[in-house]
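Visitor: Prediction below, plus the sequence it came from.
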2 protein chains.
Amino acid sequence: MNSPADVEEPERRRLTKPGRKTRDRIIEAAAELMFHHGVGGTSIPDIQAAAGVSASQIYHYFGDKRGLVLAVVNFQTDTKLDQQRPLLDKLDSIDALRAWCDTAADRQDAMGCVGGCEIGSLASELAERDPSARTDLSASFDRWELPIRSGLVRMQTRGELSERADVAALATALMAAIQGGMLLAQVRRSSTPYRHAVSAVIDHIESYVVQ
Amino acid sequence: MNSPADVEEPERRRLTKPGRKTRDRIIEAAAELMFHHGVGGTSIPDIQAAAGVSASQIYHYFGDKRGLVLAVVNFQTDTKLDQQRPLLDKLDSIDALRAWCDTAADRQDAMGCVGGCEIGSLASELAERDPSARTDLSASFDRWELPIRSGLVRMQTRGELSERADVAALATALMAAIQGGMLLAQVRRSSTPYRHAVSAVIDHIESYVVQ
DNA sequence: TCAGAGTTGGAATGGCAATTCCAACTCTTG
DNA sequence: CAAGAGTTGGAATTGCCATTCCAACTCTGA
């Protein structure tokens, strides 16, 4: 329903083993370069060099740069959700929320707060440039926000969170705090803004906890 | 101390009246285009056409595209602070904070949630592309965040806010909520995420209000 | 008023990016 | 073990972009 990747499934049957490998290598190299230099700052020749492929291979697998960018958007979303997966499915306590956000903060510190959020950076750059990218990124944020909301719903169902809490709104607020916090952290080269931002929202969520 | 514009002051003496007018026209046209299409999506020829100037004029006044981008960053910061000025200097009550954030939300709705935040978009696109732009944008966020913090400080000084409140952290959290909320609003083409985000943080600030 | 600084037009340059093309090659499948 | 589909290399094409150049023009201050 909200997984455009499924639409491409049929086509994937037409890829041979080495073809699939090449395709993946291109996406990974493009994602890495675009994360560090932005979509506009990453040229096809750059990607060719990084992935060790020829131009024809990129155009063979993705049609044009736009197609590649779309693939990168979905790759980054899948990657981010996968790497957060163990924690992401258990966000049904205040401690779990704090631990999850702390992990991201520590990762930021580890890389000197360079680059910001993979999804957020793509969103900001592509939102007004490519309508289909915007749509995909909207779906990406939905996929990312869903586990947060689900965790809060579970807390509420168990009676740990007040009935008065609008859990959907709170999940969105936390996602916004994460995005805004990461942007400020990137610009200021310090994870402190991110920590303050998520901390404020989680504290607020905690205020709905039923003793 | 934190106003790099002052460094250029001496040079401005060398501008004649029509020169200053041309320079301003270029910055305004560039700011408008870069807001809608991003820095990378705005070419010098685009700016020439929009401002009605020749290439030599742009290079005469800004040296190169990087210089123009820097000027746009500072122009957008000044513009945003100016247009929020009446409210910005009176953010010393919960109601004032809510009213201020609501104004921004209404403005977003008015333009269909297109474009996001002028400063935030530039920050995301330039943070890893141009070190001096990153520095300037960091200063921009500082300038923007300061009135928020000052308002909270005044509330705390008056005894309206608990001594336990870390007002600097709260001001940063609100700025992050604004940025993240605007990004989500831009991607989702709805001001709801922004409203939820700022509402959560202001509610949290309100929890420090002394009865 | 007039000299010199400041301003402007617009063509020219050089480079690089996106994309195309096609021949040669390799894998899968019957 | 052949087709035939899928894959690859790399040169060629096209177009746009950032930037330069310089001659002509206009403003300002003495």
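Guide: Good, I have the coordinates. Numbers count the residues shown, from 1 in each chain, chains lettered A, B, ... in the order given.
Visitor: Contact distance from DNA strand D - what residues of chain A qualify?
Guide: With the criterion set to Cβ under 7 Å from any atom of the strand, chain A comes near DNA strand D through A:14-16, A:18-20, A:22, A:53-57, A:60. Where you see a C-beta, it was placed from the backbone N, CA and C, and this is true even at glycine.
Visitor: Among those, the buried ones, what's the PyMOL command?
Guide: Those of the residues of chain A next to DNA strand D that count as buried under 16 or more other Cβ atoms under 10 Å in any protein chain shown are selected in PyMOL with:
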select buried, chain A and resi 22+53+57
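Visitor: Close to DNA strand C: what parts of chain A are there?
Guide: A:16-18, A:43-46, A:55-56, A:59, A:64-66.
Visitor: Take the residues of chain A next to DNA strand D and write them to TSV, including distance to residue B:85 and pLDDT.
Guide: Shown next, in TSV, are the residues of chain A next to DNA strand D (distance: Cβ to Cβ, whole Å; pLDDT from 0 to 100):
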residue	distance to residue B:85	pLDDT
A:14	60	83
A:15	58	91
A:16	63	90
A:18	62	90
A:19	59	92
A:20	57	95
A:22	56	97
A:53	53	98
A:54	56	97
A:55	52	97
A:56	56	97
A:57	54	98
A:60	55	97
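Visitor: show me where pLDDT drops low in chain A?
Guide: Low-confidence segments of chain A (pLDDT under 70): A:1-13.
Visitor: coming back round to it: pick out the most distant pair among the residues of chain A next to DNA strand C.
Guide: A:17 and A:43 (28.6 Å; Cβ to Cβ).
Visitor: The two: which has the busier surroundings?
Guide: More neighbours surround residue A:43 than the other of residue A:17 and residue A:43, with 12 against 7 (other Cβ atoms under 10 Å in any protein chain shown).
Visitor: which phi and psi does residue A:161 have?
Guide: Backbone torsions of residue A:161, given as degrees, to the nearest 10, read phi -120, psi 140.
Visitor: how many other residues sit next to it?
Guide: Around residue A:161 there are 22 residues (other Cβ under 10 Å).
Visitor: State the distance from it to DNA strand D.
Guide: Separation of residue A:161 from DNA strand D (Cβ to the nearest atom of the strand, to the nearest Å): 50 Å.
Visitor: same deal with residue A:116?
Guide: In this view, residue A:116 and DNA strand D are 23 Å apart by Cβ to the nearest atom of the strand.
Visitor: Can you report how many residues neighbour that residue?
Guide: Neighbour tally, residue A:116, other Cβ under 10 Å: 24.
Visitor: I'd say it and residue A:180 touch.
Guide: No. With contacts counted by Cβ atoms under 8 Å, residue A:116 stays clear of residue A:180, the gap being 10.6 Å.
Visitor: In the helix with the most length in chain A, which residues are buried?
Guide: Determined from DSSP state H, the single longest helix within chain A is helix A:131-157. For helix A:131-157, burial by neighbour count (16+ other Cβ under 10 Å) applies to A:133-141, A:143-145, A:147-152, A:154-156.
Visitor: List the buried residues in stretch A:100-119.
Guide: So stretch A:100-119, judged by 16+ other Cβ under 10 Å, has buried residues A:100-101, A:104-105, A:108, A:113, A:115-119.
Visitor: returning to what we had before: filtering the buried residues of helix A:131-157 by proximity to chain B, which remain?
Guide: Residues of those in contact with chain B (Cβ under 8 Å from any Cβ of the partner chain): A:134, A:137-138, A:141.
Visitor: which non-adjacent residue is nearest the residue most central in space within chain A?
Guide: Central residue of chain A (Cα atoms, centre = their mean): residue A:119, 4.0 Å from the mean position. Closest residue to residue A:119 apart from its sequence neighbours, by Cβ to Cβ, 6 or more residues apart in numbering or on different chains: residue A:140 at 5.5 Å.
Visitor: Verify the stated contact: that neighbour with residue A:70.
Guide: No. Here residue A:140 lies out of contact with residue A:70, judged by Cβ under 8 Å, at a distance of 11.3 Å.
Visitor: Would you check how far apart the residue of chain A found nearest DNA strand D and chain B are?
Guide: Per Cβ to the nearest atom of the strand, residue A:19 is where chain A lies closest to DNA strand D, at 1.7 Å. For residue A:19, the distance to chain B equals 31 Å [Cβ to the nearest Cβ, to the nearest Å].
Visitor: Check residue A:67 too.
Guide: Separation of residue A:67 from chain B (Cβ to the nearest Cβ) stands at 18 Å.
Visitor: what comes up buried for the host helix or strand of that residue?
Guide: Per DSSP states H and E: residue A:67 is located in helix A:65-88. Using 16+ other Cβ under 10 Å as the test for burial, helix A:65-88 gives A:65, A:68-77, A:80-81, A:84, A:87-88.
Visitor: Can you list the neighbours in contact with the next helix or strand after that helix?
Guide: Using DSSP H and E, the helix or strand that follows helix A:65-88 in sequence is helix A:94-110. Outside helix A:94-110, the residues that touch it by Cβ atoms under 8 Å, 6 or more residues apart in numbering or on different chains are A:84, A:87-88, A:90-91, A:148, A:151, A:174, A:178, A:182, A:185, A:191, A:194-195, A:198-199, A:202, A:205-206, A:209.
Visitor: quick check: angle from helix A:94-110 to helix A:65-88?
Guide: Put simply, helix A:94-110 runs at 130 degrees to helix A:65-88, going by axes from the mean of the first three to the mean of the last three Cα atoms, to 10 degrees.
Visitor: now the angle from helix A:94-110 to helix A:131-157?
Guide: Using the same axes, to 10 degrees: helix A:94-110 against helix A:131-157 is 140 degrees.
Visitor: what's downstream of helix A:94-110, the next helix or strand?
Guide: helix A:118-126.
Visitor: what's that next one in contact with?
Guide: A:31, A:34-35, A:38-40, A:69, A:72-73, A:76-77, A:79-80, A:115, A:133-134, A:137, A:140-141, A:144, A:179, A:182-183, B:38, B:40, B:116, B:120-121, B:124-125, B:183, B:186-187.
Visitor: buried ones in it?
Guide: A:118-126.
Visitor: burial measure for the residue nearest to residue A:90 when sequence neighbours are not counted, as a count.
Guide: Nearest non-adjacent residue to residue A:90, counting by Cβ to Cβ, 6+ apart: residue A:96, 5.5 Å away. Each residue near residue A:96 was counted by other Cβ under 10 Å, and the total is 16.
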